[in-house]
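> Would you be able to build a 3D model of this:
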Amino acid sequence: MAKLPGAVLFACTSNVIRSPMAEAMLKYLHGNRIYVQSVGIRTGEPDPFVAEVMDEIGIDLTRHKPKTFDDLHDEYEEETESFDLVISLSPEAHHHAIEMTRNAAVDIEFWNTFDPSVVQGSREQILDAYRAVRDELFRKIRARFPRDPVAPA
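The predicted model follows:
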């Protein structure tokens, strides 16, 4: 059976769209089997489109409170070194994750993920952009963290 990491940190720019989506999806798929958190470089304001598109797939993000790398240490008494894997979802977060884990045995992956908040248009066009990001992240998370890893034959 493929070994899953024990602790995963998702990071993006403001911890309001991509990283909270990813955190919630991995928790949804694996429950308590993997410890999961998410952070941003800076704290953003909650985005109502995120809660709406996540609710469409049965995941509630209405209580998510954006946090930063610094908050992770201050509030949770953890460092990024406490994680087996950091997955950055924006270039800025990736550079920060590399810097924060320079002297730690932490794996880092970069999943460059589109920021749907830059999309303009009708409400439905904006929601479609958020859905596309949600669906892309869900595909990547299912592939990277399979629920029932198959043992090699």
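> Name the SS class of Leu8, please.
No Leu there; residue 8 is Val. Following DSSP: H, G, I helix; E, B strand; the rest coil, Val8 is assigned to strand.
> tell me the contacts of it?
26, 34-37, 83-87, 145 (Cβ atoms under 8 Å, 6 or more residues apart in numbering). Yep, even glycine has a C-beta here, placed from its N, CA and C like the rest.
> now do 6 Å
Residues near Val8 by Cβ atoms under 6 Å, 6 or more residues apart in numbering: 34, 36, 85.
> Sort out which of the residues you listed are buried, if you could.
Among those, the ones that count as buried by 16 or more other Cβ atoms under 10 Å are 34, 36, 85.
> Now for the second one: which residues touch it?
So the one you mean is Val36. 8, 23, 26-27.
> Could you do the last one as well?
When contacts are counted by Cβ under 6 Å, 6+ apart, Leu85 touches 5, 8, 107.
> Among the contacts of Val8, which lie within strands?
36, 85 (DSSP state E).
> so where's the protein shaky on pLDDT?
Applying pLDDT under 70 to the chain picks out residues 1-2, 73-81, 148-153.
> ok, now with 90
Along the chain, the parts satisfying pLDDT under 90 run over 1-4, 31-32, 43-44, 46, 69-82, 99-106, 147-153.
> does the nearest residue to Phe69 once chain neighbours are set aside count as helix, strand or coil?
Nearest residue to Phe69 in three dimensions, chain neighbours excluded: Val39, at 5.1 Å (Cβ to Cβ, 6 or more residues apart in numbering). Under three-state DSSP, Val39 falls in the strand class.
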